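Undergrad: sequence? don't have it. structure:
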């Protein structure tokens, strides 16, 4: 049994990584729940963003925050364009999963081609910075990632819940024909929402570049966890994704501390299976 | 006609027998390897299609079952010295068990079944890879199988592997063919279109999905066993590659997911062209091209090559469309409602006692009791939201009652699954018709007949199905798809489907709504003819004139309770009934 300090430290890193899970799940949960597109291409976009941050930082000496200022708006446009294409091709439901699955494979191949399949690490001085809280260390970058994820999730949640835009999107998700009859321009709203999803993926990508070791195949490794986050958090619910992300992050870090680090991917999946068997009402 | 229906499988069988003797011609080993890889993809893609194509439960985890087979063989041959041939069925069994485990979790869900299934299978491949990597099954360095002795079927080791690949491809295509033509296949096609209706028509949806998934995974597991000795050295990275999942999907989509031969054709085309990309970087580019190809095929050729080509071929030869030869109507095997076992005319065929059902805080049914006698038409009326359709859904098992008893000819059916209730002789129609969109009108009726009270083989049901189509006045539309029929024809198709199930009781949910006065007259005459065949009918309707014309007795529901029951003319005079319909001021 590991010490309490180790467990406490594990819990802290679990909560912090959970923010990133929530951020990565944002695109999938919103497009699935509100646009009826099972768009897993956001994983590909997040990793593309991560590699771009890495490339700009290591080859061209661009600080990550400037890189983010470039990448996030660019991905907003990219996300909207992607949605425009999917809407144009009239793909929905399972077919959209097939198409975006193909896209993710193409993105992975492009990354593989450009940056090779090797593991790479973005070395920078932020990596070593951390705050000290009694016996525990809180890495600054992870804390920042969590903070941004939390703020973004709450803002998107409030935006969807209280603004006219959010009500229009939710109405159109329930019945597009009736919503259209009440003058809702769902096409335009969907473009905006997809842009926001891709921008969130880009932000997640910047932090993935800063805090993890990159390899193209890693995007599939994240997939299992984020899928569990999206389902447990409830489709179309950004706040749910954040909470589920934190819960899974904590469960994973405890498993890593108590059993072995390599078993972490099994944790999220086992939680998901248990929930699907239990089938609580909120699922 | 008979000959052309089996021509496809006959050609495949002849080709397979010819290929069996190819090693005897001592062709260079290179060709044997090349052909083995094509057989490998044919077996993988065709097995994937049995569940994912027929029932449209897209699996992105076919690599997991393949990988389970690879590592079963790797472990059994190297650690336990079991002869290779014995490990093939073991690999198939391990893969099938894994599939059964996943299916048992996800196939029971009420909603998002297809989506959750797809994503869960995608995740399961990575979880399985993690487990294999972190346990002694592999542990990281990979497993060498080059010293595993192979049985000698042919003139050399490549010939042996070639022959095993051929046998697996033939098993996969044969399984796909026979399933497509069986009740199982018809049930899977119905699940593809509307799973809830399939269940209500008597298809054991859970069991069928489990069988299809297990067969699909077992073949993939066996392919994994053979492929393990083909590659000779297995690693986690190479085995649980995303390639298998991507390629089998593309091959099936390209070839055509609704045709048994589609995935095999797609696999041959793609596997042969992939041979151009064999080394290092080219493999990566090849994968990107395949992914791009998948998007293009989905957009440009959604039906797939095989069905599209067959349709063109028929047009070119000026043949009628597939299966469109006229079917001679055959008399039904037994009239509906006939020979109700152990029931005398006085005993009700259906008896509901104190049935309750609530959804959250809404009490849709608050203790409904009613009885239906053999040969009777029972009118069931009430304002919108009074619980009429809920009552039908509870009796047919689509919803489970909270309490109370529902007895069919004295037997409690309240706790049974919907398909069991349908098979016992309870049929219904839907207020808004819900035909299976990709099945012809005839096949819609064939399905209902095959899974109804007198279950039967789809092939032998065709004549009888035609009889019921003609009974409902749709004899000339047998080979149309439901989308080509108008509302009134789709409503009558609902009736033909319900009748073909040979029900003891038939529940008609607002069959007259939306019909013109002339069509209503035809429908009323039809309901009388149905009663004359012996089925007891629950007739839910808002059209009071039709209700009064047809009903022997009338039951009025309001707020989930029976407020009146008896002779129609008496019931409509009761103050409570008038109040419920017109408001209390008129009472």
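TA: Received, thanks. What you are looking at is a predicted structure, and each value in this text was computed from that prediction instead of being measured.

Undergrad: Show me the shaky parts of the stretch 1-150 of chain A.
TA: Scanning the stretch 1-150 of chain A for pLDDT under 70 picks out the ranges A:1-2, A:126-127.

Undergrad: With the stretch 151-283 of chain A instead?
TA: A:279-283.

Undergrad: and what of chain B?
TA: Across chain B (using pLDDT under 70), the flagged ranges come out as B:1-5, B:154, B:276-282, B:319-326, B:334-346, B:582-587.

Undergrad: Where does the residue nearest the centre of it sit: helix, strand or coil?
TA: The centroid of chain B falls nearest to residue B:188 when counting by C-alpha atoms, centre = their mean (1.8 Å). Under DSSP: H, G, I helix; E, B strand; the rest coil, residue B:188 falls in the helix class.

Undergrad: Please tell me how far it sits from chain A.
TA: Here residue B:188 is placed at a distance of 16 Å from chain A (C-beta to the nearest C-beta, to the nearest Å). Backbone N, C-alpha and C define where each C-beta goes, glycine included.

Undergrad: That residue and residue B:57 touch, don't they?
TA: No - taking contacts as C-beta atoms under 8 Å, residue B:188 lies outside contact range of residue B:57: 9.2 Å.

Undergrad: which neighbours do those two share?
TA: Shared contacts of residue B:188 and residue B:57, defined by C-beta atoms under 8 Å, 6 or more residues apart in numbering or on different chains, comprise B:51, B:209.

Undergrad: ok, back up a step: so what's the residue nearest to the centre of chain B up against?
TA: So residue B:188 contacts B:51, B:54-55, B:179, B:208-209, B:212 (C-beta under 8 Å, 6+ apart).

Undergrad: same thing with residue B:84?
TA: Contact analysis of residue B:84 by C-beta under 8 Å, 6+ apart lists B:73, B:77, B:148-151, B:225, B:229.

Undergrad: go again using 6 Å as the cut-off
TA: B:77, B:148 (C-beta atoms under 6 Å, 6 or more residues apart in numbering or on different chains).

Undergrad: and the gap between it and chain A?
TA: Residue B:84 is 30 Å from chain A, by C-beta to the nearest C-beta.

Undergrad: Name the single longest helix found in the chain.
TA: Defaulting to chain A. helix A:4-35 (DSSP state H).

Undergrad: wait, I meant chain B there
TA: helix B:205-231.

Undergrad: pretty sure residue B:478 contacts residue B:439?
TA: No - under the criterion of C-beta atoms under 6 Å, residue B:478 is not in contact with residue B:439, lying 11.5 Å apart.

Undergrad: And those two? Which one has more around it.
TA: More crowded of residue B:478 and residue B:439, by other C-beta atoms under 10 Å in any protein chain shown: residue B:478, with 23 against 19.

Undergrad: Need the nearest residue in space to the more buried one, chain neighbours excluded.
TA: Nearest residue to residue B:478, sequence neighbours excluded (C-beta to C-beta, 6 or more residues apart in numbering or on different chains): residue B:442, at 4.1 Å.

Undergrad: need the next SSE after the helix or strand that contains the one you found, C-terminal direction.
TA: Using DSSP states H and E, residue B:442 maps to helix B:441-451. Counting by DSSP H and E, the next helix or strand C-terminal to helix B:441-451 is helix B:458-471.
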